[in-house]
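> here's a sequence, model it:
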Amino acid sequence: MLRPLLIAAVLATSLTACDKSPGKGDSKKEAIAQPAKLVIAPEDFITVHANALASGPVVTGSIQPERRADLRAEVSAVVLQVLKDNGDLVRRGDVLARLDQTAIQDSLHSAEDNARSAVQALDQAERNLQRLKTLRASGMTSLQALDDAEVRRNGAQSELSASKTRVVLARQQLERTVVRAPFDGVVSERKVSAGDTASIGKELFKVMDPTSMRFAGRVSADKISVVSVGQSVSFRINGYAGQEFRGKVTRVDPSANDVTRQVEVLVSFLDAKQPKVSGLYAEGTIASANVKALTLPESVVVRSGDKSTVWRVKANALNQVDLALGARDPRTGDLEVRSGLAEGDTVLRNPSSSFKEGQLVEMVAVKPPVAAASGTVTALRK
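So this is what the prediction gives:
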């Protein structure tokens, strides 16, 4: 009994479906399938043009301060006090550390005593010489005695000069027990602690000027022929993601490294804002040549894996175009377009995932708000 009833139900459903009007349902499906028309203004698209594209050799290196000093011990003494630590700001002449002065002060006192004795000895030798000269004039002493007195006077003068030199050296040694900052900057590295024995030549502090940063880079020797002083450089620094810095080549070393066969190039910053940390890795491009090429801002390109596309407006409709991209202009950040577009093509400035292939486009002109503003002012005056 179930089988005839099931067949009857299927036949009834089919007849009901055949009686429905096809026009109304099809129009709804077409409305769902057909995307809405996209209305854009002139500021929503850009026109592709050929521009000068900067290119050149790659430069890699690190950020280093131009003004830096490695402060080393100039006397052998025990470190009594360390006043500055890593990262501390210092002014020129600020005390960084103090060394034990006991032995050097004893040497200074001894040198000063010897100098006083030498002054007295010279004074006595000078008086004796003058007395013998008077006696010689009256014939009461020999010429040999006069010569001996003059020799003793000269010896006393030499001893006094040597004593004064020892006093100056001792005072210099005493001053060197106080380690001072050579210029305004920051302590980049402290290598000594209180209680350490600082032998002559031991490294104590590293001080750098964070406002004198520069890009110390290296260029392959086979590309150095196109590099010269004054060329612009665009580079990025590890730790400053999304930021691009601009600089200028200030020096090209006259010799290549014996091991790497790379040539060092110094690049000064043109940007007012500079990194405050030295040693960061940096990589960029030296703009040594300009070529004509189609370019696009990176923001208009849609990337999906290794595929790059843009939305082009042609015949009042959208179509997605595959691109073959080339080098990136280090000055503007624009990308070279090698194929996919032609000069004069129009592409959307802000691509969206909701765009559809073949979607209709309507361009509208934006009226300037001058008339509206004038009307408002007139109304306010009334």
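
> CA atoms for contacts and neighbours, from now on please.
Fine.

> name the residues linked to the residue lying closest to Gly195 once chain neighbours are set aside by a beta bridge.
Once flanking residues are discounted, Gly195 sits nearest to Val79: 5.2 Å by Cα to Cα, 6 or more residues apart in numbering. For Val79, the beta-bridge assignment (DSSP bridges) gives partners Leu99.

> show the contacting residues for Val79.
Going by Cα atoms under 8 Å, 6 or more residues apart in numbering, Val79 touches Ala97, Arg98, Leu99, Asp100, Val192, Ser193, Ala194, Gly195, Asp196, Thr197, Ala198.

> compare those and tell me which has the most neighbours.
Leu99 (25 neighbours; other Cα atoms under 10 Å).

> and the gap between that one and Val192?
Taking Cα to Cα, to the nearest Å as the measure, Leu99 falls 11 Å from Val192.

> can you check Arg136 too?
Arg136 is 66 Å from Val192, by Cα to Cα.

> over to Gly201?
For Gly201, the distance to Val192 equals 13 Å [Cα to Cα].

> over to Lys133?
Applying Cα to Cα to Lys133 and Val192 gives a distance of 62 Å.

> if I read this right, Ala194 contacts Leu83, doesn't it?
No. Contact between Ala194 and Leu83 fails when scored by Cα atoms under 8 Å: they sit 9.6 Å apart.

> chain center to stretch 172-181: distance?
Distance of stretch 172-181 from the chain centroid (Cα atoms, centre = their mean, to the nearest Å) equals 33 Å.

> whoops, I mixed them up, stretch 278-291
So, by Cα atoms, centre = their mean, the centroid of stretch 278-291 is 11 Å from its chain's centroid.

> show me which residues of it are buried.
For stretch 278-291, burial by neighbour count (16 or more other Cα atoms under 10 Å) applies to Ser278, Leu280, Tyr281, Ala282, Glu283, Gly284, Thr285, Ile286, Ala287, Ser288.

> can you list contacts of it?
Counting by Cα under 8 Å, 6+ apart, 51-65, 213, 215, 217, 226-227, 231-239, 330 sit against stretch 278-291.

> just the element for Ile39, please.
One correction, residue 39 is Val, not Ile. Per DSSP states H and E, Val39 falls inside strand 38-40.

> okay but Ile46 is in contact with Val347, surely?
Yes. Under the criterion of Cα under 8 Å, Ile46 makes contact with Val347 at 5.6 Å.

> skipping adjacent residues, who's closest to Gly326 in space?
Nearest to Gly326 is Glu336, by Cα to Cα, 6+ apart, at 4.8 Å.

> let me know the pLDDT of the one you found.
Glu336 carries a pLDDT value of 79.

> element containing it, please.
Per DSSP H and E: strand 335-339 holds Glu336.

> can you name the next helix or strand after that strand?
Tracing the chain past strand 335-339, the next element assigned as helix or strand by DSSP H and E is strand 346-348.

> so what strands line up beside that next one?
When DSSP bridges is applied, strand 346-348 pairs with strand 45-47 (antiparallel), strand 307-314 (antiparallel).

> buried stuff in the longest one?
Just to be clear, that refers to strand 307-314. So for strand 307-314, counting by 16+ other Cα under 10 Å, buried means Thr309, Val310, Trp311, Arg312, Val313.

> do the same with stretch 74-84
Residues of stretch 74-84 classed as buried by neighbour count (16+ other Cα under 10 Å): Glu74, Val75, Ser76, Ala77, Val78, Val79, Leu80, Gln81, Val82, Lys84.

> state the pLDDT value of the nearest residue to the second one once chain neighbours are set aside.
If I follow you right, that is Val75. Leaving out its chain neighbours, the residue that sits closest to Val75 by Cα to Cα, 6+ apart is Ile200, at 5.2 Å. pLDDT for Ile200: 93.

> for PyMOL, write the select line for the buried members of the contacts of stretch 278-291.
Selection of buried members from those for PyMOL, criterion 16+ other Cα under 10 Å:
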select buried, resi 53+54+55+56+57+58+59+60+61+62+63+64+65+213+215+217+227+231+232+233+234+235+236+237+330
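
> does anything pack onto the longest helix along the chain? Which helices or strands?
Ranked by number of residues, the top helix in the chain under DSSP state H is helix 102-137. Applying 3 or more Cα pairs under 8 Å, 6 or more residues apart in numbering; DSSP states H and E, one finds that helix 102-137 makes contact with helix 143-175.
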